[in-house]
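Q: sequence first, predicted model second:
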Amino acid sequence: MGVIKKIKRAVRGEVKLTTAAREVLRRGRASVQARGERSSLKKPQEHAQLKPEFASRSSAELLAHFQTRKAPHSLPGFTTTSPESLAAAQRIVSDHSWPLLGFGEHSFGAAIEWRRDPLSGYLWPLDFHGDIQLIRSDGSDARVLWEVNRLGHLITLGRAYATTKDELFTTEFVAQLKSWTEQNPVGFGPNWTCAMEVALRAINVLVAFELFCRSPSLDEEFLKLILRFFDQHGSYIRRNLEFSYLATSNHYLSDVVGLLWLGILLPELSQATEWRNFGLREMLREMDKQILDDGADFESSTGYHRFILELLLYSFVLCRANEIEIEVRYWERLHRMLEYLRTYLRPDGFAPLIGDSDSGQVLPIHQRRGEDHSYLLALGAVLFSDPRLKLQSEPPDELFWILGEQGATNFAKLDSSNEHEVSRAFPDAGIYILREGHRYLCFNASDAGLNGRGSHGHNDALSIEISALGRPFIIDPGTYVYTADLARRHAFRSTAYHSTARVDGAEQNTTELNVPFVIGNEARPRVLNWETSATADKVVAEHYGYTRLASPIVHRRSVTFDKQAGWWLIDDEFVGEGEHEVEIRFHFAAGLQVAVVDTEVLAYYKEGKLVVASTGRSTPTLENQGMSRDYGDLSDSISACWRLSGRDLKLSWKIYAIANTSDMV
């Protein structure tokens with residue numbers, strides 16, 4: 001890639017000249033540091049660097065200290081587990097088998113190869129972390145490999161041990177961590193290429209260690225190994241922070257949260273105090289930068305909103321448990337994040353998958369699909385004594401393990417929310433929810449995210465989701481995969497996969513096939529009007545992604561919701577120069593029977609049907625496109641496409657649901 005092109009890509013979005021200059025200097029320093037790191041890692045580290053008062057102790061004394069220490073305090077955690085979780089732990093021991101994102105349960109063989117891609121079979125090399133090419137175009141997927149190497153399944157083993165005290169689980173925990181360290185020398189191989197992954201692995205193993213640390217099966221040699229493991233992880237993160245003056249994201253936030261956890265839970269390490277202080281300061285600073293005033297994460301992705309909320313929520317609980325004070329304003333911002341999540345949930349309790357979703361979880365206490373976000377509300381209900389966030393009567397597993405027995409008791413005391421859901425606008429996020437009863441519409445006027453730099457946003461400006469009769473009908477199709485299939489990666493985030501308009505075959509925002517995490521911000525959606533009342537809602541917005549065409553044009557969409565009659569009216573108009581060819585699609589959820597009748601589309605569930613009735617003469621066509629509710633999951637689904645050409649084009653749709661129909665077409 002040419003130098004000029006690299007510079008343009010680096011400084012895309014809202015970047016000041018002084019900021020760009022600081023970033024150039026930072027990258028220069030990072031390059032020098034990387035050369036030093038490459039040299040220093042050639043000499044393996046034998047021991048963790050401990051504070052003097054612990055370094056002077058014998059191995060036996062140190063083991064006794066960890067097995068009897070009263071502080072610091074981890075998450076409160078119930079020491080009980082469900083039969084399902086216990087069975088899952090037993091399969092980890094007997095078959096080396098556990099869930100892998102949306103691919104289902106996977107067996108990793110008698111001898112786990114931690115650098116082998118579990119799906120493509122590719123064995124990643126043990127090169128210096130800065131030399132490894134993560135995008136290979138051969139079906140391998142670093143995201144899938146990293147999920148395995150986050151070691152979240154060790155928490156499942158720990159939960160089982162905490163309940164049963166069966167030393168078989170300890171034996172498996174020790175064996176897996178030993179084999180992992182043997183196969184992944186610090187700084188070499190794919191599992192050291194991303195500080196975020198190092199941080200998440202450290203957090204998961206910290207939690208597992210807290211559950212196992214009093215096991216009589218742990219010996220002095222293993223304690224030496226695991227303390228070195230944690231020390232290496234913290235030092236690596238500190239050396240390789242994913243910071244940039246141009247923009248920081250969920251990666252840098254994960255880095256500093258990892259340091260915070262290591263600093264709090266392992267005060268015996270020599271660098272623990274610095275890690276803790278730095279991690280706390282930077283976590284709160286990033287919260288100011290990354291969480292918008294209306295509570296949404298700034299990456300234009302509900303999937304990453306869930307991930308960031310987990311990072312912050314669990315970290316705030318950990319800080320409180322260890323009497324680390326956090327200003328009230330940050331707790332208030334955390335509360336707004338939960339309120340945003342509560343509002344964007346569909347009536348079926350699941351989330352619209354706006355932008356990217358890689359199904360990432362900070363602590364995979366319970367394996368959650370990418371669209372499953374509601375479990376976090378139960379924790380929020382207890383933390384903030386807010387019955388509006390209690391949407392279910394039974395507490396999720398996470399509540400027991402994050403807030404403990406007292407948290408479960410407080411949850412039971414809260415009245416469940418009976419508050420009527422209302423339409424609501426989140427102008428900073430660009431998300432507008434128009435709802436009444438079982439009818440729900442999500443209108444997306446968000447930009448590319450990350451202050452216009454784009455990373456996890458999609459070409460979905462002015463797109464919609466619609467649910468009715470307790471089921472989703474028109475949906476965002478999700479993400480599917482990242483680097484394993486670049487063609488499908490770009491298809492799933494393309495304009496043509498979203499319920500909006502494509503003009504002259506162009507994307508709303510620019511993308512490049514070989515660059516899966518860059519997207520332009522040419523669309524820049526702008527809301528012109530928002531009105532809501534007891535009887536009707538209306539939102540009007542336009543975007544400018546097609547003003548870069550040879551004959552510039554603006555797409556304007558208005559959505560009117562008649563709450564009394566129970567229908568939505570969508571008006572699309574295209575204003576500008578010249579003649580254009582326009583495609584307008586509505587993407588239907590998997591499991592629907594979809595049929596075209598004249599200019600209408602009928603989509604059926606057993607509960608009823610959704611009618612999408614066009615006011616124009618154009619007859620739609622049906623297309624097979626697919627949807628993904630979880631990373632790696634792929635389901636058949638259909639979109640309906642209306643095509644028209646000309647100048648100053650206009651088209652309207654009336655959309656409504658009819659319950660319990662039997663007149664199948």
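A: Arrived safely, thanks for sending. Numbers count the residues shown, from 1 in each chain.
Q: can you map out the helices along the stretch 101-250 of the chain?
A: Counting by DSSP state H, counting those that start in this stretch, the stretch 101-250 of the chain has helices at residues 142-149, 153-164, 167-183, 195-212, 220-239, 250-265.
Q: the second one vs helix 142-149, what angle?
A: The reference is to helix 153-164. Computed by axes from the mean of the first three to the mean of the last three Cα atoms, to 10 degrees, the angle separating helix 153-164 from helix 142-149 equals 20 degrees.
Q: could you pull up phi and psi at the most centrally placed residue in the chain?
A: Closest residue to the average C-alpha location of the chain: Tyr304 at 3.0 Å, with Cα atoms, centre = their mean. Phi and psi for Tyr304, reported as degrees, to the nearest 10, are phi -80, psi -20.
Q: and Val596, what helix or strand is that in?
A: strand 593-597 (DSSP states H and E).
Q: walk me through which strands that strand pairs with, and which way each runs.
A: Its sheet considered, strand 593-597 pairs with strand 600-605 (antiparallel) by DSSP bridges.
Q: with just CA atoms, put the partner strand into PDB.
A: Output of strand 600-605 as PDB, limited to C-alpha atoms (Å, rounded to 0.1, in the frame of the first residue of the first chain):
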ATOM      1  CA  GLU A 600     -47.100  -6.700  -1.800                       C
ATOM      2  CA  VAL A 601     -45.000  -9.000   0.200                       C
ATOM      3  CA  LEU A 602     -46.500 -11.300   2.800                       C
ATOM      4  CA  ALA A 603     -44.300 -12.800   5.500                       C
ATOM      5  CA  TYR A 604     -45.800 -15.600   7.700                       C
ATOM      6  CA  TYR A 605     -45.200 -17.100  11.100                       C
END
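Q: who's in contact with that strand?
A: The contact list for strand 600-605 (Cβ atoms under 8 Å, 6 or more residues apart in numbering) reads 469, 471, 473, 586, 588, 591-596, 609-614, 620, 622, 640, 661, 664-665. C-beta: built from backbone N, CA, C; applies to glycine.
Q: what subset of these is buried?
A: By neighbour count, with 16 or more other Cβ atoms under 10 Å, these hold 469, 471, 473, 586, 588, 592, 594-595, 609-614, 620, 640, 661 as buried.
Q: and Val481, its phi and psi?
A: Dihedral angles of Val481 (phi, psi; degrees, to the nearest 10) stand at phi -140, psi 170.
Q: next, count neighbours for it.
A: Val481: 24 surrounding residues under other Cβ atoms under 10 Å.
Q: please enumerate residues in contact with the strand holding Val596?
A: With contact meaning Cβ under 8 Å, 6+ apart, strand 593-597 is reached by 588, 601-604, 619-622, 638, 640, 664-665.
Q: of those, closest to Ile226?
A: Phe588 (49.9 Å; Cβ to Cβ).
Q: quickly note the distance from that closest one to Thr164.
A: 46 Å (Cβ to Cβ, to the nearest Å).
Q: what do you get for Glu512?
A: Computed as Cβ to Cβ, the Glu512 to Thr164 distance reads 52 Å.
Q: got it, and Val515?
A: Using Cβ to Cβ, Val515 is found at 49 Å from Thr164.
Q: which of the contacts of strand 600-605 fall in strands?
A: 471, 473, 586, 593-596, 609-614, 622, 640 (DSSP state E).
Q: how about those residues, which pair is most distant?
A: Arg471 and Ser614 (22.4 Å).
Q: only the buried residues of stretch 122-137, if you could.
A: Residues of stretch 122-137 classed as buried by neighbour count (16+ other Cβ under 10 Å): 122, 124, 128-129, 132, 134-136.
Q: quick check: the farthest pair among those?
A: Every pair of the buried residues of stretch 122-137 checked by Cβ to Cβ; the farthest is Tyr122 and Phe128, at 18.5 Å.
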